[in-house]
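pasting the sequence and the predicted coordinates here, then a few questions.
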Amino acid sequence: MMITTKMSNVAIMNSIAHRICARIMSSANIHTHNYPTGDTWDNECFASKGQRKYSDKYMNRTNRQKSQNNRLSHTDAKIIEQGKQRWQDKCNSLVTSRTQKKKETKPQTVNLNVDFLANFKIAPVVKADQLVSYRTFMGFTCPCFPESRKNITSENILQDSLQNVLNIRSELRHPNRFELLFPYLAYSLQRKSPYVYPDLSLSVLISSRVQDAVQQNVQKTIESEPNAKMEKILKIEKQRSKKIIDRMKACISYWSVSLFGYSLFKFLGLILRSLQVHRSQLNIIKDLEQKGHPIIFLPLHKSHLDYIIVTWILWIHDMRVPYVAAGDNLNIPIIGPILRALGGFFIRRRLDTNGKRDLIYRSVLQSYMQELLQEGQSLEFFIEGGRSRSGKALYPKGGLLSVIVDSFLQSCIQDAYIVPISISYEKLMEGNFIDEQMGLPKQKESVWGTIRALLHLFYGDYGNIRVEFPQPFSLKEFIESYNIDNNIVMPNLLPALTPPVNGVSPSSMSSSLSSSTSLCMFNVSKEARDLVQSLAEHIVYSSVCSTVLMSTNILAFLLLTKYRQGATLKELADSFKELTDLVKSRNRDIGFSGKSEDIVLYAAAMLGSNVLKRSFTEIGDVYFKPAISLPSVFSLSYNSAPVTNVFAMESVIVGACFYAGNFSLSDVGNSMQRTDISVKREELFAASQVLCQLFKFEYILSLGCMQIDDIITDALDLLVMDEVLRIPALEVTNRSSKKGIDIFSLGDEDDFLQTNNTLMVNTSQDECIEKLKFYQQVLMPVCESYLVTANHVKTLMDSDMEEEKFMTSLHNNAKERAQRNLTKCSESAAQETLKNAVRALHDLRIITTYHRDGDKNNPKLVSLLWENDVRQRLYDLIDLLEHMRE
Ligand SMILES: O=P(O)(O)OC[C@H](O)CO
């Protein structure tokens, strides 16, 4: 009894202490809540790049240029002093809060035989008032959507905390005997399902789009085979469309979902430590359901587990489960029917066969999705297409998204809510795609393979998973805002997307093509495609900025940037803490808490001994050595990828500084001889813009609604605050500025760039040299991949090459260079990065691809473009990348 009283007293004291701490932090303008309101968000003027990008100041578009004029010129002594003061306040408050927390937390002992793993808990599953003082909320939607930003939120945002959905015992209030004995079964039986999931195949088959497509196919066959009987062909085509929808459609059943939901408690409970979601985020989505518009869930795709996690979480929260577009590679015995019963509908990875547009297939798919939307059903699909092999988000594809946009523009739906999702895994069940990064073909999904994988899973420990649902937004608002931004009057978009008039769409009337051709995916006008692409980029950007960083991500990143040669546990733990604070200061949330040493040991165990070898130094310290050679390095690079995203923009700026200042870290001399190096701002901006454009398939660094110069300026501000860059006094002369790089000028001249404006790179202090090295290392692997690709492209000067052969020879070249230690980072030989590099060179119009004789059945060839300035552009690009690398 006494013990209970004592404990409750301690709990009360803790709670009071946390509240006081939260108040102190609130007055110091620190994140004191999980979901800041717009005002507080903006007040954090020295907050992260992501936050600044999303800040409301961008909404005032007329004032944007004005502010640009003043941006860097206002980064004078006064601003820096203010910034430093705020920064100091922020740090002091954080320290106060941590010290407070430390006092309240029982110290954990580090146990090297990893027994502590059994007790290791990541922090989030605690009461709300214990969390609010330090947990970051990420993922406010873009200021382009002020209505969504203001209205799609929850009143209880400050009270709600994270929930471990694997542990639902706490959800059963006043449990009866049955609930105490069988909590998971009881909980599963209590899930409500007032929802109906109708079979829509008939509506699809009789839809005008499918009918048109069938008619067109019949027409074509009759033209090519005049003797064929029309009725017979019609019957065949109709049967074919029926077959397609039967093979495609989902078949959701409440009982299957419940049974599966119950089994998942058991299965995931065995292999995971926790699966966390934010209650408020789910409450927001629940509220959206009441509004009657369809909800579109769009997770970043990392694992096959993504398919079921989102459905499962929604089921747990008594929400409608979504229809999930799955690749038909998963439509295999046992797995296929299970996925179908959980809402999976199967689509071909390639919509067309033998290079020919399959009109019926496209029309069935589009009609099916449209019917679902009209029914108010929720949809889920992966806009990246497949799973990421590098750990970075893939550049989004617009295909399925264009159906949603199309449905809105055709007024089939009045609105839809877009919900980006990011799922962070501490350890991926599929492994880290090492074989595929080495160029081996993907193992095809099979029943036996799945059974083996499941059995294998039972022996594994896959740590923690965190699912983030950033703030949803309205599709209608997005389209309206996009149209205003781009001066598009809605009807201008319509020719490609308007509903057909008597089966014939306006754009195609003259060519007598029916609606099924004009409205099918991908066959839309440039404006419509740009709109869909912009939407897709917003979604990926939002998800990436909201990705929670797990312990394995932070450790892998440290090992690949700072400690490639290895480090002691103490060194790692200190850097881990520093990096964690830095990441938080960029307004990114982390999925762990506790003593750094414990977390490092835990994360090292999660990464595995193949990746991280452990030994002891002579004085008995634990020493970790990462595997940085091929192929094991891909495991670390996969895990570190989410963190590289946080610093990518600063890394771009630092790389641009090396180019614009024409210097490298290896030749700055010793600290006695060093002086700062001046860089012309104009050149720095131009080079940064080129790098943003070049790396766009690796990182979406800015969106169409943002000004790239704002983003660059934000990153510059951070580097100035970090003292890596300085704003010189006016009399400082330009010492080593390099030639102009107008060859790369991508947009209009920036008005606000003032000639003779210079920035100084702080190379006189050792500490800043270390920081520069750190930023340089962030993009080093990507830079090397792009460099090797740009150099390899020169082989096309002699003759064009088949795309597949070109890719193989490029990949072999990159692997060979890595094996012969000619690269600084062997992970630069990753196949996915090389593919992106080729794509980027194509995008920059340095290379092009074509089919011989224009026949799509012939293999694709890669060719170097022969325009006058292409060679020069290629050499300039190589020069830029070499400066970044040196
Ligand atoms: O990553 P992939 O290419 O194996 O595709 C994964 C998709 O989820 C298949 O449906």
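That came in fine, so what should we check first?

contacts, neighbours, all on C-alpha from now
Will do.

who's in contact with the residue in the stretch 151-300 of the chain positioned nearest to the ligand?
Going by C-alpha to the nearest ligand atom, the ligand is nearest to residue 300 of the stretch 151-300 of the chain, at 10.6 Å. Applying C-alpha atoms under 8 Å, 6 or more residues apart in numbering to residue 300 gives the contacts 382-384, 393, 420-423, 540, 543.

low-confidence bits of the stretch 551-700 of the chain, can you list those?
Filtered on pLDDT under 70, the stretch 551-700 of the chain yields the residue ranges 669-673.

which residue ranges of it form helices?
551-561, 569-585, 596-607, 633-660, 681-694 (DSSP state H, counting those that start in this stretch).

rewinding a little: the ligand: which of the contacts of residue 300 is nearest?
residue 382 (7.7 Å).

need the contact list for the residue nearest to residue 860 when sequence neighbours are not counted.
Closest residue to residue 860 apart from its sequence neighbours, by C-alpha to C-alpha, 6 or more residues apart in numbering: residue 851 at 4.6 Å. Shown in contact with residue 851 (C-alpha under 8 Å, 6+ apart): 857-861.

could you redo the last one with a cut-off of 10 Å?
By C-alpha atoms under 10 Å, 6 or more residues apart in numbering, residue 851 lies in contact with 802-803, 857-862.

ok and the residue in the stretch 401-550 of the chain nearest the ligand?
For the stretch 401-550 of the chain, C-alpha to the nearest ligand atom, closest residue to the ligand: residue 442, 7.3 Å.

what sits against the nearest residue to that residue once chain neighbours are set aside?
In this structure, residue 442 finds its nearest non-sequential neighbour in residue 436, 6.2 Å apart by C-alpha to C-alpha, 6+ apart. For residue 436, the contacting residues are 389-390, 442-443, 634, 830-832, by C-alpha under 10 Å, 6+ apart.

neighbour count and distance to residue 644 added to those, as CSV?
Putting the contacts of residue 436 into CSV (neighbours: other C-alpha atoms under 10 Å; distance: C-alpha to C-alpha, whole Å) gives the following:
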residue, neighbour count, distance to residue 644
389, 23, 15
390, 26, 12
442, 10, 26
443, 9, 28
634, 29, 14
830, 27, 16
831, 27, 18
832, 20, 16
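
my guess is residue 537 contacts residue 703. True?
Yes: using C-alpha atoms under 10 Å, residue 537 is in contact with residue 703, at 6.8 Å.

look at these two and report which has more neighbours.
residue 537 (22 against 16; other C-alpha atoms under 10 Å).

so the more buried one: helix, strand or coil?
helix (DSSP: H, G, I helix; E, B strand; the rest coil).

who are the neighbours in contact with it?
383, 395-398, 531, 543, 700-704.

which one of those sits closest to residue 646?
Set against residue 646, the nearest of the contacts of residue 537 by C-alpha to C-alpha is residue 701 (10.0 Å).

how about low-confidence regions in the stretch 701-850 of the chain?
Ranges of the stretch 701-850 of the chain meeting pLDDT under 70: 729-756.

what ranges do the strands span in it?
For the stretch 701-850 of the chain, applying DSSP state E, counting those that start in this stretch gives strands covering 725-726, 758-761, 801-802, 847-851.

check whether residue 311 sits in a helix, strand or coil.
Under three-state DSSP, residue 311 comes out as helix.

kindly report the same for residue 432.
Under three-state DSSP, residue 432 comes out as coil.

grab the longest strand from the chain for me.
For the chain, the longest strand by residue count, based on DSSP state E, is strand 417-425.

now that one: average pLDDT?
For strand 417-425, the mean pLDDT works out to 96.

off-centre distance for stretch 259-279?
23 Å (C-alpha atoms, centre = their mean, to the nearest Å).

hang on, I meant stretch 214-224
43 Å.

coming back round to it: now the contacts of residue 300 as TSV including neighbour count and distance to the ligand?
Output for those, formatted as TSV (neighbours: other C-alpha atoms under 10 Å; distance: C-alpha to the nearest ligand atom, whole Å):
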residue	neighbour count	distance to the ligand
382	24	8
383	22	10
384	20	9
393	25	12
420	28	17
421	28	15
422	25	15
423	27	14
540	25	16
543	27	18
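
what is the burial count for the nearest residue to residue 763 once chain neighbours are set aside?
Distances taken as C-alpha to C-alpha, 6+ apart put residue 676 closest to residue 763, at 5.0 Å, once the chain neighbours are dropped. Residue 676 has 17 neighbouring residues, counting by other C-alpha under 10 Å.

kindly report the same for residue 240.
15.

check contacts around the closest residue to residue 395 other than its chain neighbours.
Spatial nearest neighbour of residue 395, chain neighbours left out: residue 697 (5.3 Å); criterion: C-alpha to C-alpha, 6+ apart. Counting by C-alpha under 10 Å, 6+ apart, residue 697 touches 392-396, 833, 835-837, 839-840, 843.

the closest residue to residue 317 other than its chain neighbours is in what secondary structure piece?
With C-alpha to C-alpha, 6+ apart as the measure, residue 282 is the residue that lies nearest to residue 317, at 7.6 Å, once sequence neighbours are left out. Taking DSSP states H and E as the definition, residue 282 sits inside helix 279-290.

next: residue 466.
Going by DSSP H and E, residue 466 is in strand 464-468.

can you check the pLDDT for the residue of the stretch 151-300 of the chain closest to the ligand?
For residue 300, pLDDT reads 97.

try residue 36
For residue 36, the predicted pLDDT is 27.

now swap in residue 886 and tell me
Per the predicted model, pLDDT is 84 at residue 886.

residues near it, how many?
Residue 886: 15 neighbours (other C-alpha under 10 Å).

return the residues in contact with it.
655, 658, 663-667, 776, 780, 824.

could you redo the last one with a cut-off of 8 Å?
664-666.

what of residue 301?
By C-alpha under 8 Å, 6+ apart, the neighbours of residue 301 are 382, 384-388, 393.

same question for residue 416.
Contacts of residue 416 (C-alpha under 8 Å, 6+ apart): 293-296, 408, 474-476.

quick one: contacts for the residue nearest in space to the middle of the chain?
Residue closest to the average C-alpha location in the chain (C-alpha atoms, centre = their mean): residue 544, at 3.2 Å. Residues in contact with residue 544 (C-alpha under 8 Å, 6+ apart) are 393, 422, 642, 645.

make TSV out of the contacts of residue 416 and add secondary structure.
Below are these laid out as TSV (three-state DSSP):
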residue	secondary structure
293	coil
294	coil
295	strand
296	strand
408	helix
474	strand
475	helix
476	helix
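
using CSV, write down the CA coordinates of stretch 792-804.
C-alpha atoms of stretch 792-804 as CSV (Å, rounded to 0.1, in the frame of the first residue of the first chain):
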residue,chain,number,x,y,z
HIS,A,792,31.0,6.9,-68.9
VAL,A,793,28.6,8.9,-71.1
LYS,A,794,31.8,9.9,-73.1
THR,A,795,31.9,6.3,-74.4
LEU,A,796,28.8,7.3,-76.5
MET,A,797,30.8,9.7,-78.5
ASP,A,798,31.9,6.9,-80.8
SER,A,799,28.5,5.2,-81.2
ASP,A,800,25.1,4.8,-79.7
MET,A,801,24.6,1.8,-77.4
GLU,A,802,21.7,-0.4,-76.4
GLU,A,803,20.3,1.0,-73.1
GLU,A,804,20.6,-2.3,-71.3
